[in-house]
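Peer 1: Below is the sequence, then the predicted model.
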Amino acid sequence: MPQPRPSPAPDAKQIDAKPLDPMALAFDEARAAADRGEVPVGAVVTRDGTVLASAGNRTLEFKDPTAHAEMLALRLACEAIGSERLTGCDLHVTLEPCPMCAAAISFARIRRLYFGASDPKGGAVENGVRLYASPTCHHAPEVYGGLRESEAAALLRSFFQGRR
């Protein structure tokens, strides 16, 4: 006859069986950026289902025009694995990357790029220069745009309406 299982201690933590949702983490970073007064963009780098790095925009805080969420997440992921190449890694970001970030994604050799809202004015993946379609682009990741697009667009709209 099977023995009854003991109850967990009151302070024991349950293992969360939910699958990893990198885009949800990117949205958390975007909301945190907005709370800091930054444009609400968040980015997460994963490899084999593990989060290597996450970041939100910090251009105002760092007084650095390159402190976009993608750039910060790429730097942290490179540091985490000890390499300038992020081969086999994926990037999840709430907004279509700009030309600077799209180039860094290429140079880092990101495997897959997932993004939320398109950016007709400043994007460089599906809009603007369309960097990965250029014959001079050394590496083009697989691109999946439009993930939670309406949520990402609403977050940006709300942020900028509050600024006007």
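Peer 2: Nice, I can see it. Numbers count the residues shown, from 1 in each chain.
Peer 1: Residue nearest the middle of this protein, spatially speaking?
Peer 2: Among the residues of the chain, residue 43 comes closest to the average C-alpha position under CA atoms, centre = their mean, at 1.8 Å.
Peer 1: OK, contacts around it?
Peer 2: 26, 29, 54-56, 68-70, 72-74, 91-94 (CB atoms under 8 Å, 6 or more residues apart in numbering). For glycine as for every other residue, the C-beta is placed from the backbone atoms N, C-alpha and C.
Peer 1: what are the ranges of the helices in this structure?
Peer 2: With helices called from DSSP state H, the chain shows them at 22-35, 59-62, 69-81, 99-108, 149-163.
Peer 1: mean pLDDT lowest for which of these?
Peer 2: Ranked on mean pLDDT, the bottom entry among the helices of the chain is helix 149-163, at a mean of 95.
Peer 1: related to what we said a few turns ago, can you give me the distance of the residue nearest to the centre of the chain to residue 110?
Peer 2: 11 Å (CB to CB, to the nearest Å).
Peer 1: And residue 31, by the same measure?
Peer 2: From residue 31 to residue 110 the distance is 23 Å (CB to CB).
Peer 1: In terms of packing, which of these two has more residues around it?
Peer 2: Each of residue 31 and residue 110 has its neighbours counted (other CB atoms under 10 Å); residue 110 has more, 25 against 15.
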